[in-house]
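1. build me a structure from this.
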Amino acid sequence: MTTIHTHTLGFPRIGARRELKTALEAYWRGDTDQAALEETGRQLRARHWAQQAAAGLDFVTVGDFAFYDQVANHIQLFGCEPERFGFDGTQAPLARYFAMARGDREHDAACCGGSHSVHALDMTKWFDTNYHYLVPEFSAATSFTLHADRLLAEVAEARALGHAVKVALIGPLTFLWLGKARDGERLDLLAQLLPVYCTLLAQLKDSGAEWVQLDEPILGLDLAPAWRNAFEPCYWQLGQSGAKLMLATYFSPLEENLSLACRLPVAGLHVDGIRARGELTSVCDWLPVPKVLSIGIVDGRNIWRTDLDAALSVIKPLLERRGGQLWLAPSCSLLHVPFSLDGESDLDPELKSWLAFAAEKLGELATLKAALAGAGAPDALAAARAAIASRARSTRVHSDQVAASVAALAPDADRRRSPFAQRQALQRARLRLPDFPTTTIGSFPQTAAIRAARAGFKSGALAAAAYDDAMRAEIAHAVARQEAIGLDVLVHGEAERNDMVEYFGEQLNGFAFTRYGWVQSYGSRCVKPPVIFGDVARPRAMTVGWTAHAQSLSAKPVKGMLTGPVTILQWSFVRDDQPRSCTALQIALAMRCEVADLERSGVQIIQIDEPALREGLPLRRARWDEYLDWATRAFRVTAGVAADATQIHTHMCYAEFNDILPQIAALDADVITIETSRSDMELLDGFGKFSYPNEIGPGVYDIHSPRVPQVEEMERLLRKAAQVIPARHLWVNPDCGLKTRGWAETETALSNMVAAARRMRAASL
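-> You can find the predicted model right below:
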């Protein structure tokens, strides 16, 4: 007898129209209260569970909802909020939650008596995705206590609506791995953490949860022996709870951890059938038949329609091996894809037929289940076949001109003409900047007026000439404010840009865009990744006019602002019919043309942002070199056209860089700016030990928090930076762009930053 179950590891929580974002920001502004925010959360959960049930999933997933971040949920769930926040038990859980996430003054005052300000938890990328999680902080003194009321209430909600429930949790070893420890070893805390997990699992079982999914994606990493050896005793202890456990791995093949994962004492194992397809037969062989095998056969990381015939050809022999018993799911949580294609009326119908978002992926699972169970689904299978064939034969995908440009690229196109020391001398003579030069990363606040003008232009309510006038006025406003603040190197403020990737993609061939294809990046921050469906080329200049206008308004240098090829690649949904390295090189050639045009227009400094360079690293170190070779070459191809006297900047943020410093140096950017304020300059230590050869701007102002640091705080960070980086190589800047901040806090913070830089100059005289 064939028994197929379907489920999802997680579902997008922001809502079809970003309802969660709207509710969060209204709450943070004080326009609504906690009850209204909680009601929005309840409605979204109910709606999403109903959608899962309607798609025929055998279980709805509970525990994947978060008001900000799922890791932050676990910090509260296990009672390990950092002591530095000063929580004394009188603060409401949600106030503490947002204090950890945002570190803003309102919650500082509420939580800490208003006597001092506390910065938010660090953020970093969730494995190799563009989702940012809040980093737990552990120490030898960390203790764990269970606070499961919210999670148990959500289980009760789902059951009251008539759903069979599977609860999704981060597994204990991955939870510890994701954190950082000020002292001691994170793994040493496992013995204290496990009893709390066991109590939670027992409570979830008693609450009626039929399964508990424990996510352990670190099984796809290169684990030290101590971490690998911790799995079996850990899961033996968890198994004593009596809960039915589904161990979930994703994002990477298991490789040497395959037999370990298969022999753990759990009731089921989920494996990523997209990224670890070559291991499926081995998993079948190693996993004892009484255990449930869940195969992630639908891609949870990309938006291309599943080739259902190919999927069935993979599943059928596995189903036979498992005695007709199998679970099907997306490869990972659907958090990483947009909600639904419903409403995407602007998409070309042919291109739209090639895509599947979260809702459509649930439908694909239903079709596969029906086909395997002998129930048919011929119409759905026929539609999938037609879409796959349409994409394969489309003439819109490939360009002979792009292929010729790639073939004609000179072998030394990825090299500047002279070594850095010679370029530095020319640039200093040309720019005549003071020590500790001040600048920003690029964007300035996107005000309501800017957004209204853009919306009016897109809808046709505002004529092109009027829109251009509005943007030029906003650029003039940004330049004037920077002049008044006293910054040394200015930016045009990016008023005309909706997003650092989308803006360029809209002007490049080979890209398509959605109306509602939003994906959560962190908290209320959502991005709408472009879809790269074909060969990439630049028909015309994209930024030159705006940058030249800004430069005409000031005698100070104005940076040209570009997004680098790897970041455009990483922050898009990328075609899967050719290697990513090929697409990256096509983007690099397009951006190289833009560098050349900016330089010809008289721009002296060009910033090519690559914040996503590290997140593109394969999770296995054995594949790092291959990726870094083509990724850094793509950057150098973009910048290599610049003359020696043109200063090339790049920006990177919210990632650990110490293990790829040789490759970052190999970018050969004249100046790199990085995020360091949340880590109190810890990220800079590696650059110092490495003796990073070029100039560097460690961020002294965390733009992701509304708190405004004082002059003394920034000066302290700069003094700390000057202890590891030669002062003559230091720049002064915020951590990241300022588009999400307001002008009042931005001006105050930047004025403080300029004052801190001036103090450093005075002290060095």
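
2. so who does Lys556 touch?
-> By Cβ atoms under 8 Å, 6 or more residues apart in numbering, the contact list for Lys556 reads 483, 487-490. The C-beta positions use only the backbone N, C-alpha and C, and glycine is treated the same way.

3. next structured bit after the helix or strand bottoming out on mean pLDDT in the chain?
-> In the chain, no helix or strand scores lower on mean pLDDT, DSSP states H and E than helix 105-112, which sits at a mean of 42. In the C-terminal direction, the helix or strand that comes right after helix 105-112 (DSSP states H and E) is strand 123-125.

4. who does the following helix or strand past that following strand touch, helix- and strand-wise?
-> Per DSSP H and E, the first helix or strand lying C-terminal to strand 123-125 is strand 132-134. Here strand 132-134 touches helix 70-77, strand 123-125, strand 519-522, going by 3 or more Cβ pairs under 8 Å, 6 or more residues apart in numbering; DSSP states H and E.

5. which stretches of the stretch 201-350 of the chain form strands?
-> Using DSSP state E, counting those that start in this stretch, the strands of the stretch 201-350 of the chain run over residues 211-215, 245-248, 268-272, 292-298, 325-330.

6. let's have the ones you listed in JSON lines, adding mean pLDDT.
-> Formatted as JSON lines, those follow (pLDDT from 0 to 100):
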{"stretch": "strand 211-215", "mean pLDDT": "98"}
{"stretch": "strand 245-248", "mean pLDDT": "98"}
{"stretch": "strand 268-272", "mean pLDDT": "98"}
{"stretch": "strand 292-298", "mean pLDDT": "98"}
{"stretch": "strand 325-330", "mean pLDDT": "97"}
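
7. what about Arg228, neighbour count?
-> 16 (other Cβ atoms under 10 Å).

8. revised request: answer the last question for Ala762.
-> Neighbours of Ala762 using other Cβ under 10 Å come to 8.

9. so it versus Phe436, what's the distance?
-> According to Cβ to Cβ, to the nearest Å, Ala762 stands 10 Å off from Phe436.

10. please apply the same query to Ser405.
-> 41 Å.

11. what does Val700 give?
-> 10 Å.

12. the two: which is more packed in?
-> More neighbours surround Val700 than the other of Val700 and Phe436, with 27 against 24 (other Cβ under 10 Å).

13. in the stretch 601-750 of the chain, where is pLDDT below threshold?
-> For the stretch 601-750 of the chain, the stretches with pLDDT under 70 are 654-655.

14. that one: helices as residue ranges?
-> In the stretch 601-750 of the chain, the helices defined using DSSP state H, counting those that start in this stretch lie at 624-639, 661-666, 682-690, 711-722, 743-764.

15. again with the stretch 101-250 of the chain
-> 105-112, 149-160, 172-178, 190-207, 225-239.

16. need the contact list for the spatially most central residue of the chain.
-> The chain has Asn130 as the residue nearest its centroid, 1.8 Å off, counting by Cα atoms, centre = their mean. Asn130 is in contact with 336, 519, 521, 527, 529, 570-571, 612, 615, counting by Cβ under 8 Å, 6+ apart.

17. how about TSV for those, with neighbour count added?
-> Shown next, in TSV, are the contacts of Asn130 (neighbours: other Cβ atoms under 10 Å):
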residue	neighbour count
His336	25
Val519	24
Ser521	17
Val527	18
Pro529	26
Gln570	25
Trp571	23
Ala612	24
Glu615	22
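
18. can you list those residues in TSV and add distance to Glu712?
-> What follows is the contacts of Asn130, written out as TSV (distance: Cβ to Cβ, whole Å):
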residue	distance to Glu712
His336	41
Val519	39
Ser521	32
Val527	35
Pro529	40
Gln570	37
Trp571	36
Ala612	33
Glu615	34
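
19. and of those residues, the nearest to Leu9?
-> Of all the contacts of Asn130, Leu9 sits closest to His336, with 10.6 Å by Cβ to Cβ.

20. so the closest one makes contact with Gly300?
-> Yes. If you go by Cβ atoms under 8 Å, His336 and Gly300 touch, sitting 6.1 Å apart.

21. returning to what we had before: right, so of the helices of the stretch 101-250 of the chain, which gets closest to Ala643?
-> Per Cβ to Cβ, nearest to Ala643 of the helices of the stretch 101-250 of the chain: helix 172-178, 44.2 Å.

22. output the contacting helices and strands for the closest one.
-> So helix 172-178, by 3+ Cβ pairs under 8 Å, 6+ apart, packs with helix 70-77, helix 190-207, helix 225-239.

23. TSV for the ones you listed, including mean pLDDT and distance to Met561?
-> Shown next, in TSV, are the helices and strands packed on helix 172-178 (pLDDT from 0 to 100; distance: least, Cβ to Cβ, whole Å):
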stretch	mean pLDDT	distance to Met561
helix 70-77	98	32
helix 190-207	98	45
helix 225-239	98	41
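
24. any idea how far the residue nearest to the centre of the chain lies from Leu667?
-> 20 Å.

25. re earlier: so which of the strands of the stretch 201-350 of the chain gets nearest Leu347?
-> That would be strand 292-298 among the strands of the stretch 201-350 of the chain, by Cβ to Cβ, at 20.3 Å.

26. who are the packing partners of the closest one?
-> Using 3+ Cβ pairs under 8 Å, 6+ apart: strand 292-298 touches strand 245-248, strand 268-272, helix 280-286, helix 308-321, strand 325-330, helix 358-372.

27. buried ones in that strand?
-> 292-298 (16 or more other Cβ atoms under 10 Å).

28. burial measure for the residue nearest to Trp304 when sequence neighbours are not counted, as a count.
-> Using Cβ to Cβ, 6 or more residues apart in numbering and skipping residues adjacent in sequence, the residue nearest Trp304 is Asp576, 5.7 Å away. Asp576 is flanked by 14 other residues according to other Cβ under 10 Å.

29. please apply the same query to Glu320.
-> 12.

30. for Arg328, give the beta-bridge partners.
-> Check again: residue 328 is Leu, not Arg. Thr6, Ile295 (DSSP bridges).

31. could you measure from it over to Leu293?
-> 10 Å.

32. got it, and Arg150?
-> For Arg150, the distance to Leu293 equals 32 Å [Cβ to Cβ].

33. which residues are common contacts for Val700 and Phe436?
-> By Cβ under 8 Å, 6+ apart, the residues touching both Val700 and Phe436 are 718, 732.

34. coming back round to it: as a markdown table, the helices and strands packed on helix 172-178 with distance to Thr673 would be great.
-> Converted to a markdown table, the helices and strands packed on helix 172-178 look like this (distance: least, Cβ to Cβ, whole Å):
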| stretch | distance to Thr673 |
| --- | --- |
| helix 70-77 | 26 |
| helix 190-207 | 37 |
| helix 225-239 | 34 |
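
35. now, of the ones you listed, which is deepest in the fold?
-> helix 70-77 (a mean of 22; mean count of other Cβ atoms under 10 Å).
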